[in-house]
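Student: quick one: sequence plus predicted model below, questions after.
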Amino acid sequence: MNRSTLARLAAALACLGIAGFAHAQTKWDLPSAYAPANFHTENLEFFAKEVDAATGGKLKINVHSNASLFKATEIKRAVQGGQAQLGEILLVNYENENPLFGMDGIPFLATSYANAKSLQDVQLPALDKYLAGQGMKILYTVPWQPQGIYSKKPVNALADMKGMKWRAYSPATSKMAELMNLQPVTIQAAELSQALATGVVETYISSSATGIDSKTYESLKYFYENQAWIPKNAVLINMKAFNALDKATQDAVTKAAANAQARGWKISEEKEAAFKQVLRDKGMNVQPPSATFAADMSKIGAIMLSDWEKKSAPQGAELIAQYRKLVPAAK
């Protein structure tokens, strides 16, 4: 071979090498609705780095936080349609599609982390069966802290809240507004700070983490530790994308997901007290609800449980019965 031929051959081999590397590397998108500093988002980033390390860079997962790629309500559809291979959703947001999504948002059904884990043992198998029909499955879950009520004014009884503008972000929180005689305003997490600052929202129910993320303490001064429920975020995966991976990469994703779930549940519980202290340090009055307020909210929970069982019949009642066998003391 002359030098010219050797040079062309070398160039061709180099191109093949680059093409082979590009073909070997897979890139996935993982949209989320929450702020970069939120503990859920930080856990997603850790999960992505763990997958990257375990696969030697073969699978790269790009986390898109704060609803920058898709809005919260668009993420599930994006994963189902293959626009994103993974996506983090708040399960209760999809209760109108199927009541199963709302099981962990029933007020006062599971108010401790131990009970929330028992509820997940009942809820997730049923949900995965439903999601399989849409070409997806739940890769892992992480709970929020127990839900409490933020308010611009003191609340000693439910009647004190009548007519207030209430943030509704899910079917359950919309139903609560109706039962509590509040004005529902549909606001997603990424829009909450502005809604609070402009007075669009005067009260809402959420976790201590949300109060920090949205700087609620700048607009509202009361947080009542109602311990209403412990909702879960779930990372969905498109099964067509997952099945396209080789076995070793699939195993790496599955292992990293199991680690992310264990880590996320642990962090959520450990940070509960610290997050509430941050709210106090920022000037919020953080306290348990009065006996009257607690009793009023318990009645709301009983109504919502009954409604959920009716709209999810007959499966819902069966799942509640399974849960109560695991947690006999549950209401």
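Tutor: Yes, it's here. Numbers count the residues shown, from 1 in each chain.
Student: what about residue 138, neighbour count?
Tutor: 21 (other C-beta atoms under 10 Å). In short, each C-beta sits where N, CA and C put it, glycine included.
Student: which helix or strand contains it?
Tutor: strand 136-143 (DSSP states H and E).
Student: contacts for that strand?
Tutor: Residues from elsewhere that reach strand 136-143, judged by C-beta atoms under 8 Å, 6 or more residues apart in numbering: 40, 43, 47, 79-80, 86, 91, 113, 116, 120, 124, 127-128, 131, 230-239, 242, 253-254, 257-258, 260-261, 264-265, 267-268.
Student: so which of the residues you listed sit within strands?
Tutor: 86, 232, 233, 234, 235, 236, 237, 238 (DSSP state E).
Student: could you dump the residues you listed to a markdown table with pLDDT and distance to residue 328?
Tutor: Converted to a markdown table, those look like this (pLDDT from 0 to 100; distance: C-beta to C-beta, whole Å):
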| residue | pLDDT | distance to residue 328 |
| --- | --- | --- |
| 86 | 98 | 37 |
| 232 | 98 | 22 |
| 233 | 98 | 28 |
| 234 | 98 | 27 |
| 235 | 98 | 31 |
| 236 | 98 | 32 |
| 237 | 98 | 34 |
| 238 | 98 | 39 |
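Student: show me the two of those that sit farthest apart.
Tutor: Spatial extent of the ones in strands among the contacts of strand 136-143 (C-beta to C-beta) is set by the pair 232 and 238 at 19.6 Å.
Student: I'd say residue 292 and residue 157 touch.
Tutor: Yes - if you go by C-beta atoms under 8 Å, residue 292 and residue 157 touch, sitting 4.5 Å apart.
Student: from the ones in strands among the contacts of strand 136-143, which would you call buried?
Tutor: Listed as buried from these are 86, 232, 233, 234, 235, 236, 237, 238; burial here means 16 or more other C-beta atoms under 10 Å.
Student: now stretch 88-104: how far from the chain's centre is it?
Tutor: 10 Å (C-alpha atoms, centre = their mean, to the nearest Å).
Student: got a list of what residue 193 touches?
Tutor: Contact analysis of residue 193 by C-beta under 8 Å, 6+ apart lists 214, 215.
Student: that one sits in which helix or strand?
Tutor: According to DSSP H and E, residue 193 maps onto helix 192-197.
Student: put the alpha carbons of that helix into PDB.
Tutor: Output of helix 192-197 as PDB, limited to C-alpha atoms (Å, rounded to 0.1, in the frame of the first residue of the first chain):
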ATOM      1  CA  LEU A 192     -46.000  27.900  43.700                       C
ATOM      2  CA  SER A 193     -43.500  30.500  44.800                       C
ATOM      3  CA  GLN A 194     -45.000  33.100  42.500                       C
ATOM      4  CA  ALA A 195     -48.600  32.100  43.400                       C
ATOM      5  CA  LEU A 196     -47.800  32.700  47.100                       C
ATOM      6  CA  ALA A 197     -46.000  36.000  46.500                       C
END
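Student: now it: how far from the chain's centre is it?
Tutor: On C-alpha atoms, centre = their mean, the centre of helix 192-197 falls 20 Å from the chain's centre.
Student: pLDDT of the lengthiest helix in the chain, averaged?
Tutor: In the chain, taking DSSP state H as the definition, the longest helix is helix 247-281. Here helix 247-281 scores 98 as its mean pLDDT.
Student: re the thing from before, now the strand holding residue 138: how far from the chain's centre is it?
Tutor: 9 Å.
Student: also stretch 235-245?
Tutor: 19 Å.
Student: quick one: residue 110 is in a strand?
Tutor: No - using DSSP: H, G, I helix; E, B strand; the rest coil, the assignment for residue 110 is coil, not a strand.
Student: contacting residues for it?
Tutor: Residues counted as contacts of residue 110 (C-beta under 8 Å, 6+ apart) are 104, 116, 118, 119, 229, 230, 323, 327, 330.
Student: what score does the last one have for pLDDT?
Tutor: Model confidence at residue 330, given as pLDDT, is 64.
Student: next: residue 24.
Tutor: For residue 24, the pLDDT comes out at 73.
Student: repeat that for the one 4 residues further on.
Tutor: Residue 28 carries a pLDDT value of 98.
Student: what do you get for residue 190?
Tutor: Confidence score, pLDDT, at residue 190: 88.
Student: re earlier: report the angle between the longest helix of the chain and strand 136-143.
Tutor: Here helix 247-281 runs at an angle of 30 degrees relative to strand 136-143 (axes from the mean of the first three to the mean of the last three C-alpha atoms, to 10 degrees).
Student: what is the orientation angle of helix 247-281 with strand 232-238?
Tutor: Inter-element angle recorded for helix 247-281 and strand 232-238: 160 degrees (by the same axes, to 10 degrees).
Student: what is helix 247-281 packed up against?
Tutor: In terms of contacts (3 or more C-beta pairs under 8 Å, 6 or more residues apart in numbering; DSSP states H and E), helix 247-281 is packed against helix 39-54, strand 59-64, helix 113-132, strand 136-143, helix 208-213, strand 232-238, strand 285-287.
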